[in-house]
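Novice: next one to model:
(one chain, ligands or ions: 2)
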Amino acid sequence: MLSVSDALQIVLNQAHRLKPVQFNLGREILGLVLAEDLLADRDSPPFDKSMMDGIAVNTSEPGPDYELSNTILAGDSLPRTLLTGQAMRIMTGASVPIGADAVIPVEVLTESANRRIRNNSAPPKPGKNILKRGTEYKCGDVILPQGLVLNPAVVGLLSSIGQTELPCYPIPRICVFSSGNEIVEPHQQPVGSQIRNSNGPMLTALAEQVGAEATYLGIIPDEEEKLKTEIARGSERADIVLISGGVSMGSHDLIPRILAELATEIYFHKIAMKPGKPLLFGKLGKCLVFGLPGNPVSSLVSFILFVEPVLRKLRGEIECEPKKVLLPLSESLITDNDRPTYLPGRLLVQEGMELIRPIPWAGSANLLAYKEANVLLAVPAGPVKLAPGERVTAFRMN
Ligand SMILES: Nc1nc2c(c(=O)[nH]1)N[C@H]1C(S)=C(S)[C@@H](COP(=O)(O)OP(=O)(O)OC[C@H]3O[C@@H](n4cnc5c(N)ncnc54)[C@H](O)[C@@H]3O)O[C@H]1N2
Ligand code: MOO
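Specialist: Ligands and ions are numbered 1, 2, ... in the order given. This next block holds a predicted model:
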């Protein structure tokens, strides 16, 4: 059976970054990924800048007394020249006058009559309280690289380089279906052996959390024609279609056959993992299709290990694969499974140390165990016996 890592490579090879589009600078770009390197249009700071309110002096004249000449405010345009023996009052953010190489803060100064001012602290060192032109970055430097995820600090930087329009990868569109005659919507009252649809809302939420635009398209009953029409319709309007349920071996598990009849190219159907063994991945036209196993935890784990990396790739992220950590266990862990297994865990910090606490888990239907999980612990097939303090591989959940 196909390993998880081989399956992930197959999936990522079929996923391509979406075509970039121009976005206007504003809050709607938060979380998008930059599609090109962006360059500074001027030095930062663009002039030698005072970092304090005080006086600008030349350190070759140690003072402590200076004659006050002009005052320079932030935004004053012309550079001024400091004459021998003089000091200029200067404000934070103002351009340092020619001939000055330090700023003495106002707190250590006393001003006397006839425009004299005294420094009551040690003579300043050259460069003190001055940010030299171009120390942060130079005109032409790549300051925002392709692949950067845009956060509020980047919005500030974009503004400072005058980038009011910018190319970003668009938001991937994902359609979510649930399948199964036993499933009813959360607002409905189940009767008999019916159960409420937890996967539809959960998968929609997972996709939104990774920055996708997710559309939930409802429950499709186990009827061939309905399944075909709905899946084909979903594949025309989305980059990814997710269908939960109906991918296993039962006589009413119709999804693999329906997808084949729609001429979907199937890349795999079954993986050596628990939960999630019956996972199916294919391509219908340009749309990537995942048949996720119906058990809620199987759907959740399959999403984290396969769908999330694809979404990250489509939206232009550079590091798409699940984030792996190797950390000590807070408690012992004993397992014996026939497949590599992914278990819920909680990454916690105890006395400054990161540890992983395994969460008791009762199988693919036990979604309750995931209510506070923030990692998936990965354990190999066969007997595993780990003591507290031994390290375990885990993947961070969002
Ligand atoms: N003979 C075999 N039977 C099964 C195998 C197998 O290899 N041979 N694999 C098992 C494994 S592993 C899994 S996982 C499940 C996956 O089954 P399906 O993808 O076909 O899913 P269903 O049969 O439709 O549902 C399974 C289970 O999950 C519940 N479910 C389905 N959809 C939802 C939903 N939207 N919200 C909440 N719960 C849902 C459903 O009622 C079932 O209880 O197959 C095993 N069987
Ligand atoms: O592989 Mo299934 O997802 O164990 O329950």
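Novice: quick one, longest strand in this protein?
Specialist: strand 341-350 (DSSP state E).
Novice: partner strands of the host helix or strand of I334 and their direction?
Specialist: I334 belongs to strand 333-337 when elements are defined using DSSP states H and E. Strand 333-337 pairs in its sheet with strand 382-386 (antiparallel), by DSSP bridges.
Novice: got the buried residues for the strand it pairs with?
Specialist: Of all the residues in strand 382-386, those buried under the rule 16 or more other C-beta atoms under 10 Å are L386. (Glycine included, C-beta is placed from N, CA and C.)
Novice: could you list the residues in contact with it?
Specialist: For strand 382-386, the external contacting residues (C-beta atoms under 8 Å, 6 or more residues apart in numbering) are L329, S332, L333, I334, T335, D336, N337, V392.
Novice: can you select the buried ones from these in ChimeraX?
Specialist: Listed next is the ChimeraX selection for buried residues among these, using 16+ other C-beta under 10 Å:
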select :329,333,335,392
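Novice: now for the spatially closest residue to T341 that is not a sequence neighbour, how many residues are close by?
Specialist: Excluding the flanking residues, the one nearest T341 by C-beta to C-beta, 6 or more residues apart in numbering is K274, at 4.5 Å. Counted by other C-beta atoms under 10 Å, the residues lying close to K274 total 21.
Novice: ok, P79 next?
Specialist: 13.
Novice: make residue 1 into 126 and carry on from there
Specialist: That works, and once the first residue is 126, the last one we named lands at P204.
Novice: which non-adjacent residue is nearest the residue of the stretch 376-523 of the chain found nearest ligand 1?
Specialist: Of all residues in the stretch 376-523 of the chain, the one sitting closest to ligand 1 is G419 (2.6 Å; C-beta to the nearest ligand atom). Counting by C-beta to C-beta, 6+ apart, the nearest residue to G419 once its immediate chain neighbours are dropped is G370, at 3.2 Å.
Novice: before we move on, what about S427?
Specialist: Nearest to S427 is G401, by C-beta to C-beta, 6+ apart, at 4.3 Å.
Novice: please report how far the one you found lies from ligand 2.
Specialist: 5 Å (C-beta to the nearest ligand atom, to the nearest Å).
Novice: number of residues surrounding that residue?
Specialist: 28.
Novice: contacting residues for it?
Specialist: So G401 contacts L417, P418, S423, V426, S427, L430, Y467 (C-beta under 8 Å, 6+ apart).
Novice: residue boundaries of the strands in the stretch 376-523 of the chain?
Specialist: 390-394, 405-409, 412-417, 449-453, 458-462, 466-475, 478-483, 500-504, 507-511, 516-521 (DSSP state E, counting those that start in this stretch).
Novice: let's have those in a markdown table, adding distance to ligand 2 and mean pLDDT.
Specialist: Shown next, in a markdown table, are these (distance: least, C-beta to the nearest ligand atom, whole Å; pLDDT from 0 to 100):
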| stretch | distance to ligand 2 | mean pLDDT |
| --- | --- | --- |
| strand 390-394 | 13 | 96 |
| strand 405-409 | 12 | 97 |
| strand 412-417 | 9 | 97 |
| strand 449-453 | 21 | 97 |
| strand 458-462 | 9 | 96 |
| strand 466-475 | 9 | 97 |
| strand 478-483 | 18 | 97 |
| strand 500-504 | 13 | 98 |
| strand 507-511 | 16 | 97 |
| strand 516-521 | 17 | 97 |
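Novice: right, so those: which one is the most enclosed?
Specialist: Mean neighbours per residue, mean count of other C-beta atoms under 10 Å, is largest over these for strand 412-417, with a mean of 26.
Novice: and the helices in the protein?
Specialist: Here the chain has its helices, by DSSP state H, at 129-139, 277-285, 324-334, 349-362, 380-386, 421-427, 433-439.
Novice: flag every residue of the stretch 376-523 of the chain that's near ligand 1.
Specialist: D378, P400, K402, P403, P418, G419, N420, P421, S423, S489 (C-beta under 6 Å from any ligand atom).
Novice: returning to that earlier point: how far away is the residue nearest to S427 from Q271?
Specialist: For G401, the distance to Q271 (C-beta to C-beta, to the nearest Å) stands at 33 Å.
Novice: center of the chain - which residue?
Specialist: V274 (6.4 Å; C-alpha atoms, centre = their mean).
Novice: give the contact list for the closest residue to that one other than its chain neighbours.
Specialist: Closest residue to V274 apart from its sequence neighbours, by C-beta to C-beta, 6+ apart: V158 at 5.6 Å. Counting by C-beta under 8 Å, 6+ apart, V158 makes contact with G272, L273, V274, L275, C293, Y294, R440, G441, E442.
Novice: can you read off the pLDDT for the fifth one?
Specialist: According to the model's per-residue confidence, C293 sits at a pLDDT of 98.
Novice: that one contacts A160, correct?
Specialist: Yes. With contacts counted by C-beta atoms under 8 Å, C293 reaches A160, the gap being 5.5 Å.
Novice: hey, what's in contact with both of the two?
Specialist: P145, G441.
Novice: columns distance to T260 on top of the strands of the stretch 376-523 of the chain, output as a markdown table?
Specialist: A markdown table is the format used below for the strands of the stretch 376-523 of the chain (distance: least, C-beta to C-beta, whole Å):
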| stretch | distance to T260 |
| --- | --- |
| strand 390-394 | 51 |
| strand 405-409 | 50 |
| strand 412-417 | 46 |
| strand 449-453 | 36 |
| strand 458-462 | 51 |
| strand 466-475 | 36 |
| strand 478-483 | 36 |
| strand 500-504 | 41 |
| strand 507-511 | 50 |
| strand 516-521 | 36 |
